[in-house]
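>>> Here is my input; please provide its structure:
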Amino acid sequence: MTDDQLQSDVRVELAWNHELDARHIVVSAEDGAVTLSGFVPSYFEKTRAVETAEHVYGVKAVADEIDVRLHAAHEKEDAEIAKSVAHILAWSTVLADQRIKATVSNGHVTLTGEVGWDYQRQEASRAIERVLGVKSVANRITVKPRVPASEVEKHITNALARNAALDARQIHVTTLGNKAVLTGHVHSLTEDRIAKNAAWQAKGIAEVEDRLVIQP
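Numbering: from 1, shown residues only. Take a look at the predicted model:
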């Protein structure tokens, strides 16, 4: 696939996604690496733009250089944002019992604390993406292992084998303490993300090292 074709495909996919306003997003492509620049009116749309580009066939990497330019009506004081974030975390069935702290500076939210699973760490970011006034989210929450590392590798390998979207025979898993290392190859950035997510879902995983090669 040529760079021009990939650029065009990403532009079409962004325009097709009704969750975001892609009119001011600029797309460039080189050797499978896509760069998104320009601006969107919310942090939620920024994250959706990157995820949308990652799903396009032929995309091997996405560089996110999109700015968030809030509408005047959506500008909020840090205290208002912090209050909204605290309420969301407290009312989430997944996060209510976790020790997560949020600080806000000029609309930029930083999350800290410790959880038992990576899906909880990810959910914390997703839960506040749509909060009005948020310009970015820095997720510094750590995952605390709860099971022996010796059990982890088998769990991940089995999870990969169960996933119909992957050819698990081409993916190899090794564990180093509470870190999972993925090697081998996949056919797209989407498959790469699926493999990483499968590894993150294993009990006790606090880090995933992705050495997978994308071969469309």
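
>>> beta partners for the nearest residue to Arg211 once chain neighbours are set aside?
Nearest residue to Arg211 in three dimensions, chain neighbours excluded: Thr183, at 4.6 Å (C-beta to C-beta, 6 or more residues apart in numbering). Where C-beta positions appear, they are placed from N, C-alpha and C, glycine not excepted. Legend: beta-bridge partners of Thr183 under DSSP bridges are His172.

>>> wait, Thr183 sits on Gln170?
No: Thr183 lies out of contact with Gln170 (C-beta atoms under 8 Å); the separation is 9.7 Å.

>>> quick one, which of those two is more surrounded?
Gln170 (17 against 14; other C-beta atoms under 10 Å).

>>> Need the pLDDT of that one.
Note on Gln170: pLDDT of 84.

>>> now Lys135
94.

>>> tell me the phi and psi of it?
phi -100, psi -30 (degrees, to the nearest 10).

>>> distance of it from His71?
12 Å (C-beta to C-beta, to the nearest Å).

>>> how does the chain divide into domains?
Per automatic domain parsing, the structural domains of the chain span 3-68, 74-143, 149-214.

>>> Can you list the buried residues in the lowest-mean-pLDDT helix or strand in the chain?
Using mean pLDDT, DSSP states H and E, the weakest-scoring helix or strand in the chain turns out to be helix 152-162, at a mean of 77. For helix 152-162, the neighbour count (16 or more other C-beta atoms under 10 Å) marks Val152, Glu153, His155, Ile156, Thr157, Ala159, Leu160 as buried.

>>> Having no further points to raise, I will conclude here.
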